[in-house]
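Participant: Next comes the sequence, and after it the predicted model I'd like to discuss.
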Amino acid sequence: MALDPKILGKIKKCLALASSDNPNEAATALRQAHALMAAHGVSAEQISMADIGEATAKSRTMARSKAAQWEGALASVVGRAFGCQLMLKRAPIRRKLKAPLNDGTYIFVGIQAQAQIAAYTFDVLARKCKKARADWIADKLQGISQMPGGKRTVTGLGDEFAMGWVSKIARVVQDFAQPDPVELAIASFIKSRVTKEGSEDELARKPTTDDERTRGFARWHGMQAAEGESIHRPMNGAEATLQIGC
């Protein structure tokens, strides 16, 4: 049964007052909130559920129904930084469609405002990482793509560079832990949202070259290229702007 918006608003108002610095006011507000919840059969999870939403960001690397491993890893890092669960929606497979499916969307599920910021942050960082990868390939791997097996080598080393870039970001980001009722609400939202859609926050990675030193070299360059990049998470709901970068 859907919650009455007026009742929900009253409960939220009481819960907000329960954080007052005035002990008497806080205690009174908390009692009122609990009384309203009991009278209307409202749980903490339902209150949290009312604030849960989703935001989407398009995949920039989807090919043959698979996104690049570095992009999936970046989406996972950003999602955890903003307390969101991550789903990956692929274009539906049609038997008569012979062309590769290159359409995919990342779905960030969490507190609505945080989900929106996560999707925006991912979109900005994915653009930066993809550009840095392309610039590095143009600078360091000129001519290799013309050699036998060169395109595969360039793609693989470019992906290693991008993984280094993402790993640098991951080192400076702390996961955001949501309160238990919020985590339960997010899980309930996803359960109701998902039908035949799959979800994944880590994408399988296949080796692209036997030369581990070369791969390590590419990844190290990616880490150097990401130096100074960071995610600035708003400390509270009042901070609406998000800074990305130095």
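Facilitator: Looks like it came in fine.
Participant: Determine the longest helix present in the protein.
Facilitator: Looking across the chain with DSSP state H, the single longest helix is helix 112-140.
Participant: For the residue most central in space within the chain, which non-adjacent residue is closest in space?
Facilitator: Closest to where the C-alpha atoms of the chain average out (Cα atoms, centre = their mean) is residue 79, at 2.6 Å. Nearest residue to residue 79 in three dimensions, chain neighbours excluded: residue 86, at 4.2 Å (Cβ to Cβ, 6 or more residues apart in numbering). All C-beta spots, glycine's among them, are computed from the backbone N, C-alpha and C.
Participant: Report the buried residues of the longest helix of the chain.
Facilitator: 114-126, 128-130, 132-133, 136-137 (16 or more other Cβ atoms under 10 Å).
Participant: tell me which element the residue nearest to residue 79 is part of?
Facilitator: strand 85-90 (DSSP states H and E).
Participant: who's in contact with the helix or strand where residue 159 lies?
Facilitator: Per DSSP H and E, residue 159 falls inside helix 150-171. Residues from elsewhere that reach helix 150-171 (Cβ atoms under 8 Å, 6 or more residues apart in numbering): 68-71, 73-74, 77, 125, 129-130, 132-134, 136-137, 141, 144-145, 147, 208-209, 214-216, 218-227, 229-231.
Participant: State the pLDDT value of residue 159.
Facilitator: Looking at residue 159, its pLDDT is 92.
Participant: Would you check how far apart it and residue 134 are?
Facilitator: Look at residue 159 and residue 134: by Cβ to Cβ, to the nearest Å, they are 12 Å apart.
Participant: starting at the chain centroid, how far to stretch 181-198?
Facilitator: The chain centre lies 15 Å from the centre of stretch 181-198; the measure is Cα atoms, centre = their mean, to the nearest Å.
Participant: Buried residues of it, list them for me.
Facilitator: By neighbour count with 16+ other Cβ under 10 Å, stretch 181-198 contains the buried residues 182, 183, 184, 185, 186, 189, 190.
Participant: for stretch 38-57, same thing?
Facilitator: For stretch 38-57, by 16+ other Cβ under 10 Å, it's 42, 44-50, 52-55, 57.
Participant: I'd like the residues you listed laid out as JSON lines, including secondary structure.
Facilitator: As requested, the buried residues of stretch 38-57 are exported to JSON lines (DSSP: H, G, I helix; E, B strand; the rest coil):
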{"residue": "42", "secondary structure": "coil"}
{"residue": "44", "secondary structure": "helix"}
{"residue": "45", "secondary structure": "helix"}
{"residue": "46", "secondary structure": "helix"}
{"residue": "47", "secondary structure": "helix"}
{"residue": "48", "secondary structure": "helix"}
{"residue": "49", "secondary structure": "helix"}
{"residue": "50", "secondary structure": "coil"}
{"residue": "52", "secondary structure": "strand"}
{"residue": "53", "secondary structure": "strand"}
{"residue": "54", "secondary structure": "strand"}
{"residue": "55", "secondary structure": "strand"}
{"residue": "57", "secondary structure": "strand"}
